[in-house]
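**Q** Sequence and predicted structure are below.
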Amino acid sequence: TPDYQTGEETAQQLEADSEQISKLPTISKLPTPRPSAFSLNANKESDLLAGGWSKVDANRYTAENHELIREGGKWTLRGGDKPKSFASLKDAIPAAVEATKVVDLPALVAEHLRDNSFATIVEARKFAEVATGKKVKAGTPAAKQVDEQVEAGIVRRAREIVREGGNPEIAYRQLVNLYDRQPNLGVRTSTSVRDQAYSTPVPLAYVASRLAGIEEDKEVYEPSAGNGALLIGANPRLTLANEINNERRRELHKQGFTVRDLDATGSVAAVRAYDVVIANPPFGVVKDDKNKSRVFHLANQYSTTEIDHAIALKSLSAMKDDGRAVLILGGVKSNDPKARSDAYNSKAKRQFYFTLYNAYNVTDHFTVSGDLYQKQGAGWPVDVIVINGRGKSARKLPAVDVPRIYHDWNQLAELVNTAPGNVLGTEPQLE
């Protein structure tokens with residue numbers, strides 16, 4: 001840049017420079033490197049390659065689920081609603097680039113939710129249609145895919161709220177407000193049904209992360225990470241997020257996490273390596289290909305058909321001896337103390353909690369009403385178990401000391417500033 005003088009000369013020079021700069025090509029228009037064998041119009045083909053397409057040979061290009069192929073002298077674009085035919089590749093390229101144009105919908109959703117809301121999932125899908133230029137029909141896999149991306153956008157916005165810092169109580173209230181402004185995420189694909197994939201509401205996720213003591217310098221392991229809700233306070237560089245769903249795994253990569261796709265019922269990334277283990281695994285009985293209940297063998301402990309119990313005990317082996325953990329597991333659907341005590345004394349829960357309480361220092365155990373999960377497409381209560389290191393817990397088993405229940409977000413707010421591993425000791429005064 002020149003050394004500008006003062007006054008009118010400077011203004012004239014700046015105007016002239018601005019005109020020259022405006023004529024420069026943008027980065028997106030610059031041609032990309034290509035093999036010298038290409039005989040097509042370089043600018044046009046570079047547009048195709050820059051759009052994410054790969055050249056297979058002179059008659060075929062591919063991009064994810066799309067294909068551009070020459071047949072009988074004509075080019076056909078496949079992968080959309082209907083195949084489209086073009087007389088030349090030059091004519092086909094703009095349509096091909098447009099068909100595979102990538103829109104970061106979660107980022108747009110996160111930005112929208114700064115000051116706006118989605119009254120319904122239909123409204124959110126309309127937003128997605130405008131953003132992507134693609135029709136989203138209810139009851140289709142495309143609709144659920146959009147719902148997943150909306151959920152990912154909610155998590156991204158939640159992470160922004162937490163990252164902005166400030167008073168934890170204020171952050172919690174902002175997350176409750178965000179939850180109130182999100183749509184109901186009730187549509188599920190066969191894959192999400194199979195995987196029991198219900199995500200954690202962001203206010204509960206924040207409380208769990210606070211109770212686990214997640215901080216910027218803590219190494220964290222999440223065995224069933226979903227879209228990353230429980231990790232909104234974690235440092236991606238120090239976190240291992242395990243997830244078997246492809247869409248959610250890609251989203252975790254975008255957020256900067258190291259991602260694995262291990263079977264969390266039988267594998268763990270590393271033993272006694274992490275400061276924090278935090279998990280909300282799928283819960284209940286899972287059927288195999290023959291429609292029989294899967295049985296999970298927990299080494300020298302016992303066998304169970306409850307997948308959340310299997311993942312919880314397996315994942316805790318990754319926690320350091322003095323580490324912390326928070327588990328969100330399937331609870332008991334009753335408000336009656338006697339019925340709840342009986343349910344915790346059932347074989348599956350009795351075996352699990354006997355094993356857990358004897359091996360790990362459980363410092364708190366409470367229930368969150370299923371009403372707080374309604375917008376996630378679920379309605380079953382969950383139990384939150386707080387652990388502070390290894391060693392037998394001083395607490396009585398839940399069949400004896402029945403976990404207290406939180407029925408709304410205002411009640412749960414009392415836990416935001418609870419020190420990690422602290423025992424509350426008495427029943428909260430609930431309205």
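**A** Great, that's in hand. Numbering: from 1, shown residues only.

**Q** Okay, now the unreliable bits of this protein?
**A** For the chain, the stretches flagged by pLDDT under 70 are 1-44, 50-51, 64, 187-197, 299, 419-431.

**Q** report the longest helix in the chain, please.
**A** In the chain, assigned by DSSP state H, the helix with the most residues is helix 141-163.

**Q** Share the number of residues neighbouring residue 217, please.
**A** Taking other Cβ atoms under 10 Å as the criterion, the count of residues near residue 217 is 7. All C-beta atoms are positioned from the backbone trio N, CA, C, and that covers glycine.

**Q** On the three-state scheme, it is what?
**A** Per DSSP: H, G, I helix; E, B strand; the rest coil, the secondary structure class of residue 217 is coil.

**Q** how far away is it from residue 276?
**A** Summarising the geometry, the distance separating residue 217 from residue 276, computed by Cβ to Cβ, to the nearest Å, is 11 Å.

**Q** Pull out the buried positions in stretch 57-66.
**A** Neighbour counts using 16 or more other Cβ atoms under 10 Å place 61-63, 66 of stretch 57-66 among the buried residues.

**Q** Quick check: end-to-end length of it?
**A** 15 Å (Cα to Cα, to the nearest Å).

**Q** mind checking how far it is from the chain centre?
**A** In terms of Cα atoms, centre = their mean, to the nearest Å, the centre of stretch 57-66 is found 31 Å from the chain centre.

**Q** Distance to residue 328 and secondary structure added to the buried residues of stretch 57-66, as a markdown table?
**A** Listed next are the buried residues of stretch 57-66 as a markdown table, based on distance: Cβ to Cβ, whole Å; DSSP: H, G, I helix; E, B strand; the rest coil:
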| residue | distance to residue 328 | secondary structure |
| --- | --- | --- |
| 61 | 46 | strand |
| 62 | 41 | strand |
| 63 | 39 | strand |
| 66 | 39 | strand |
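
**Q** Closest to residue 257 out of those?
**A** When the buried residues of stretch 57-66 are compared for distance to residue 257, the smallest value, 25.7 Å, is given by residue 63; criterion: Cβ to Cβ.

**Q** So that closest one is in contact with residue 53, correct?
**A** Yes: taking Cβ atoms under 8 Å as the contact criterion, residue 63 and residue 53 are neighbours in contact, 4.3 Å apart.

**Q** Touching both of the two, which residues are there?
**A** Between them, residue 63 and residue 53 have 96, 100 as joint contacts when contacts are counted by Cβ atoms under 8 Å, 6 or more residues apart in numbering.

**Q** Alright, calling it a day.
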